[in-house]
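Peer 1: Pasted the sequence and its predicted model underneath.
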Amino acid sequence: MLDDFMVRAALAGIGVMVAAAPLGCFVVWRRMAFFGAATAHAAVLGVAISLALSISVFVGVLAVCLAMAITVTLLAGRGYAMDTLLGVLAHAALAVGLVAVSFLTHIRIDLMAYLFGDILAVGHADIGVIWGGSLLVLGIMIWRWQAILLATVSEDLAYAEGYRPFRDELLLTISLAIVIAVAIKVVGVLLIAAMLIIPAATARAFSSTPERMAVGAGLIGTIAVLAGLTGSWYLDTPAGATVVTAATILFALVNIAARLKQH
């Protein structure tokens, strides 16, 4: 477990959770789970564009996720049902991305690594990108926490306090796109939404304030990362999927304990 690549994997996983924890709380409160999953699916198109243009995968994924998030935010409420809009854009981007990847015959592509993550192959440069993006998102969350929280509770209340809910919603979607871009190496396109939602949903069971829920989600996510990597090491299972499995087990245990305490 103390091998260099495992240390890098742990640092990468914890780095993702630094941003995913507070952001995941807003995803849970605003019921944006489908939005997060849809934006993550669009990342496949970003991977295809990056490989075709020989640019950083992070840059390509970030560009596509930002375009997806901003498009949905701007079109929502303008004659389009949110779930329909997300379904069309997400699956269209995923399908186009997979088709585009199939044309890149001159490039060797490990598609499974992008779909399910390859946290054990994280390098020093990847860690820098992950922590840089995560700290940027964390800074946005701290800076606009009160405004986004008020907008989540009531848009009218946010307006009364002098905030602009639309601007803060846009910041939230941009932050979500950044987290997806940095997390694709860790848990992959198909499991990113799980690492946003499960730790936050777990922390909700024992948190009395929004701030405690955000901190609790970060702690639970960190425990899940370390437990998942340890389990992957000893059981020889896929690391990204094992991390999500560990988070799921924590979710079940915490909620069972909460129900028993109530009774």
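Peer 2: Looks like it arrived, so ask away.

Peer 1: tell me the average confidence for stretch 158-165?
Peer 2: Averaged over stretch 158-165, pLDDT sits at 82.

Peer 1: Identify each buried residue in that stretch, please.
Peer 2: 158, 163, 165 (16 or more other C-beta atoms under 10 Å). Using the backbone N, CA and C atoms, a C-beta is placed for each residue, glycine as well.

Peer 1: Distance to residue 15 for those residues - can I get that in TSV?
Peer 2: Formatted as TSV, those follow (distance: C-beta to C-beta, whole Å):
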residue	distance to residue 15
158	31
163	29
165	30
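
Peer 1: Keep only those of the residues you listed that are in helices.
Peer 2: Counting by DSSP state H, the part of the buried residues of stretch 158-165 found in helices is 158, 165.

Peer 1: I'd guess residue 71 is in a helix, am I close?
Peer 2: Yes. Checked against DSSP: H, G, I helix; E, B strand; the rest coil, residue 71 lies within a helix.

Peer 1: if we can go back for a sec, identify, from the buried residues of stretch 158-165, the entry nearest to residue 122.
Peer 2: Nearest to residue 122 out of the buried residues of stretch 158-165 is residue 165 (C-beta to C-beta; 36.6 Å).

Peer 1: so what's the residue nearest to the closest one when sequence neighbours are not counted up against?
Peer 2: Nearest residue to residue 165, sequence neighbours excluded (C-beta to C-beta, 6 or more residues apart in numbering): residue 151, at 3.9 Å. Each residue near residue 151 by C-beta atoms under 8 Å, 6 or more residues apart in numbering is listed here: 158, 163, 165, 168-169.

Peer 1: Pop out the phi and psi values for residue 31.
Peer 2: Phi and psi for residue 31, reported as degrees, to the nearest 10, are phi 60, psi 50.

Peer 1: So for it, what pLDDT did the model give?
Peer 2: 82.

Peer 1: now it: how far from residue 75?
Peer 2: Residue 31 is 18 Å from residue 75, where distance means C-beta to C-beta, to the nearest Å.

Peer 1: try residue 259
Peer 2: According to C-beta to C-beta, residue 259 stands 40 Å off from residue 75.

Peer 1: more neighbours, those two?
Peer 2: Between residue 259 and residue 75, residue 75 has the larger neighbour count (other C-beta atoms under 10 Å), namely 13 against 10.

Peer 1: Now the closest residue to the more buried one other than its chain neighbours: which helix or strand?
Peer 2: Of all residues not flanking residue 75 in the chain, residue 85 sits nearest, at 5.9 Å (C-beta to C-beta, 6+ apart). Using DSSP states H and E, residue 85 maps to helix 82-103.

Peer 1: name the helices or strands packed onto that helix?
Peer 2: Here helix 82-103 touches helix 33-53, helix 57-75, going by 3 or more C-beta pairs under 8 Å, 6 or more residues apart in numbering; DSSP states H and E.

Peer 1: okay if I get these as JSON lines plus distance to residue 126?
Peer 2: Shown next, in JSON lines, are those (distance: least, C-beta to C-beta, whole Å):
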{"stretch": "helix 33-53", "distance to residue 126": "14"}
{"stretch": "helix 57-75", "distance to residue 126": "9"}
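
Peer 1: Return the most buried member of these.
Peer 2: helix 33-53 (a mean of 23; mean count of other C-beta atoms under 10 Å).

Peer 1: Now that one - C-alpha only, CSV.
Peer 2: Taking C-alpha atoms only, helix 33-53 is exported to CSV below (Å, rounded to 0.1, in the frame of the first residue of the first chain):
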residue,chain,number,x,y,z
ALA,A,33,-28.2,14.0,-9.9
PHE,A,34,-29.3,13.5,-13.5
PHE,A,35,-27.6,16.8,-14.4
GLY,A,36,-24.3,15.6,-13.0
ALA,A,37,-24.6,12.2,-14.7
ALA,A,38,-25.6,13.8,-18.1
THR,A,39,-22.6,16.2,-18.0
ALA,A,40,-20.3,13.4,-17.2
HIS,A,41,-21.5,11.3,-20.1
ALA,A,42,-20.8,14.3,-22.4
ALA,A,43,-17.1,14.0,-21.3
VAL,A,44,-16.6,11.1,-23.8
LEU,A,45,-17.0,13.6,-26.6
GLY,A,46,-14.3,15.7,-25.0
VAL,A,47,-12.0,12.7,-24.9
ALA,A,48,-12.5,12.1,-28.6
ILE,A,49,-11.9,15.8,-29.5
SER,A,50,-8.7,15.8,-27.3
LEU,A,51,-7.3,12.8,-28.9
ALA,A,52,-8.2,13.9,-32.5
LEU,A,53,-6.6,17.3,-31.9
